[in-house]
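> Sequence isn't available, so here's the structure alone:
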């Protein structure tokens, strides 16, 4: 028994404590979402009643379904594309030696430290011109917002991936190259499957980051139907905070659904890292 | 060259990889290059229509560059770096560079456009109704959403029933076939415009009152929601003296190109000016203006502490949980992991607002749950504890995920080997696992620090900088530099983009220096520069 406690028991204890810390605000949100009165002041920690009225109001009285679709589209496409772009860059930084490599890495680290939302005026002016020339990627269009988000793709992801790529033995892709594989084949066939865990993690982070992004989207999307979840839901409580609190919390819960699904989908890649097996072979 | 040789000799040794890839690779490449060409053609048409030749030249050059890069056998690193770099340059470097350039100008409310626009604005603002002003029937319309789209005045000349569309840019006559006008001059339909109904118009009555459509002799303004008049400008620009002259009093304001404003002899300055370069004055103001530089040091210290505590705290918590669950013996690991990262799945902006309510003194969950009666955001210490606690909750699942990913990347053989060599689990963690983890995670920790240093939402959506000392309503105890700057620059006294840009450069330098120093100190552990 003591041996079990020392080996496994403490792990369960830590996990349970962490789960309690993680969950209690979420229980509060769930309680508010189910609260039939739907106001902030009448919400308590444990649900006092169960009513789906807040959800029904949210889905019928607001453009929530469209915000939801917009968010999933924008976050999904930007996450996929940004993982791909930064994996390409991380491969070059990790496996190749070229002039400007060190400078490039430093520049990437520095650029993302600029408080980007203060560049919002410049972004606004730039996209005013783009909207005139190419309305399809201008204001109130998900594709424009996706392009804008991809500008930040190389920032933190490249560093994270490069660190991970460095831990994969170089011999693996070198031996593939010896066997006649091109650099592209070594990358797509050998290295990418090995780094699946970090691709999954960065993909998830990018997805969540995009779902939560507010300031830029708030400037970018002004038409009710074009809004993403963060912009639309912020509008819900901007004026009527107390009265709309139940609807707001219902929306908060629904917003979490795509993220949880993406996590569930990616979890097997995160858990079953393939590197260990490859090193043995 | 070497790639070519290898490819030729490859089939004899390893037929499979180059056999399949040899066909699929070029096909994908051709398809992608075709897509690039297609997009370039699509993008070119509007540029040609607008006669935007410099833009077209950049587009052609970029497309040609891409074609050269991906058809050439050289520049292999560039093939992998260019796609992301393109986006980086256009959508991040360019706006940041533009912002940095703004720091040397007086760009702000009242100094937005060029001098000509300032003159138009001054003349339009001085419009008054005089006897004999022309009257029009007014219909308010918009080109976008009735609640938020840009407003347009559709004005009908009562004599000719000709309809013109007026915005702040001026008046344009609409073709008679595009509009339907009633006998009273009211427009009932107009191609390309959405007409505002009575309710929609009165909801935006303030904007309607403020809109003035410049005309050669003055401007058209609304009177109520259905009538408009053309007033006469009380102030006019005189090119001879490069000044603005008031037509009734005769007072003049002369253009001053150094400050970008019209200034009278007695020092009075017209509110409407234009944009000029002001050199380093935005930066010197940061040091010399006592109201700004005074609380700066105090805010900087709290800001550093906040960033360190958020990053360090979330890392320690996340790593601890990741280590605890990094064992095949723990049953239900998947469930624990899922529940544990739920905070990260919740939308953070919404949860920040929810946390703010949970710290509410009267009906907040925290006080209710623990039977406390603390005014959390009322005292400096408790407010700081609260915002850091919120950051821990929001941030530790992220660190947990990343640490879990990094732990899984470390070959289990390493800790097995150290165990066989007689190391205790603690020793093996400290000597083998942690150093390897830090190699992978140091850059992430540094960028997490940089992110938290400028974590605008964390403060703005919770305390909004509160509590504020009685003597300084502009700088609160939980203010970060960025929220403090935001309030100084955008809040209260109108937008001051130039000054805000100067401060953001200042913040950038602070973060960059701190990050670089910590980066150099951990550099020896890494293979980054090898």
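Okay, I see it. The model shown is predicted, which means the values in this text are computed figures rather than measured ones.
> how many other residues sit next to residue B:117?
Using other CB atoms under 10 Å in any protein chain shown, residue B:117 has 15 other residues around it. Just so you know, the C-beta spots here come from the backbone N, C-alpha and C atoms, and that holds for glycine as well.
> Now it: closest residue in space, sequence neighbours ignored.
What sits nearest to residue B:117 in space, not counting adjacent residues and going by CB to CB, 6 or more residues apart in numbering or on different chains, is residue B:274, at 6.9 Å.
> Look up phi and psi at that neighbour.
phi -130, psi 180 (degrees, to the nearest 10).
> mind listing what it touches?
B:111-115, B:117-118, B:260-261 (CB atoms under 8 Å, 6 or more residues apart in numbering or on different chains).
> was I right about residue B:144 contacting residue A:224?
No - applying CB atoms under 8 Å, one finds residue B:144 not in contact with residue A:224, separated by 10.7 Å.
> Show me chain B divided up by domain.
B:2-74, B:115-237, B:293-525 (automatic domain parsing).
> Export these to TSV and append columns for mean pLDDT.
Formatted as TSV, the domains of chain B follow (pLDDT from 0 to 100):
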stretch	mean pLDDT
domain B:2-74	74
domain B:115-237	82
domain B:293-525	83
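> Residue A:63: which of those domains is closest?
domain B:115-237 (11.5 Å; CB to CB).
> now the end-to-end length of the closest one.
For domain B:115-237, the separation between the terminal residues is 11 Å (CA to CA, to the nearest Å).
> Also stretch B:132-152?
End to end - CA to CA - stretch B:132-152 spans 24 Å.
> If we go by neighbour counts, what in that stretch is buried?
By 16 or more other CB atoms under 10 Å in any protein chain shown, the buried positions in stretch B:132-152 come out as B:133-134, B:136-142, B:144-146, B:149, B:151-152.
> Check stretch B:245-256 too.
For stretch B:245-256, the neighbour count (16+ other CB under 10 Å) marks B:252-253, B:255 as buried.
> that older thread, so which of the domains of chain B is the most surrounded?
Among these, judged by mean count of other CB atoms under 10 Å in any protein chain shown, the one packed with the most neighbours on average is domain B:293-525 (a mean of 19).
> Residue ranges in the stretch 51-200 of chain A under the pLDDT threshold?
Within the stretch 51-200 of chain A, the ranges that satisfy pLDDT under 70 run A:113-118, A:156.
> Report all helices and strands that the longest strand belonging to chain B contacts.
Ranked by number of residues, the top strand in chain B under DSSP state E is strand B:134-142. Helices and strands touching strand B:134-142, by 3 or more CB pairs under 8 Å, 6 or more residues apart in numbering or on different chains; DSSP states H and E, are strand B:151-156, strand B:187-190, strand B:194-195, strand B:218-223, strand B:227-233.
> can you list contacts of that strand?
Contacts of strand B:134-142 (CB under 8 Å, 6+ apart): B:149-158, B:165, B:184-187, B:190, B:193-196, B:201, B:204, B:208, B:220, B:222, B:225-230.
> roughly how far out does that strand sit from the chain middle?
On the basis of CA atoms, centre = their mean, to the nearest Å, strand B:134-142 sits 36 Å off its chain's mean C-alpha point.
> Save the helices and strands packed on strand B:134-142 as a markdown table, and put in distance to chain A too.
A markdown table is the format used below for these (distance: least, CB to the nearest CB, whole Å):
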| stretch | distance to chain A |
| --- | --- |
| strand B:151-156 | 14 |
| strand B:187-190 | 20 |
| strand B:194-195 | 12 |
| strand B:218-223 | 23 |
| strand B:227-233 | 26 |
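> Would you mind putting the ones you listed into a markdown table with distance to residue B:291 alongside?
Formatted as a markdown table, the helices and strands packed on strand B:134-142 follow (distance: least, CB to CB, whole Å):
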| stretch | distance to residue B:291 |
| --- | --- |
| strand B:151-156 | 37 |
| strand B:187-190 | 50 |
| strand B:194-195 | 46 |
| strand B:218-223 | 37 |
| strand B:227-233 | 37 |
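> So for residue A:228, which of these sits nearest?
strand B:194-195 (23.4 Å).
> before we move on, the earlier item: and which of the buried residues of stretch B:132-152 is nearest to residue A:126?
residue B:144 (19.5 Å).
> what about the closest one, which SS state?
Secondary structure, DSSP: H, G, I helix; E, B strand; the rest coil: residue B:144 is coil.
> I figured residue B:326 hits residue B:404, correct?
Yes - judged on CB under 8 Å, residue B:326 makes contact with residue B:404 at a distance of 7.0 Å.
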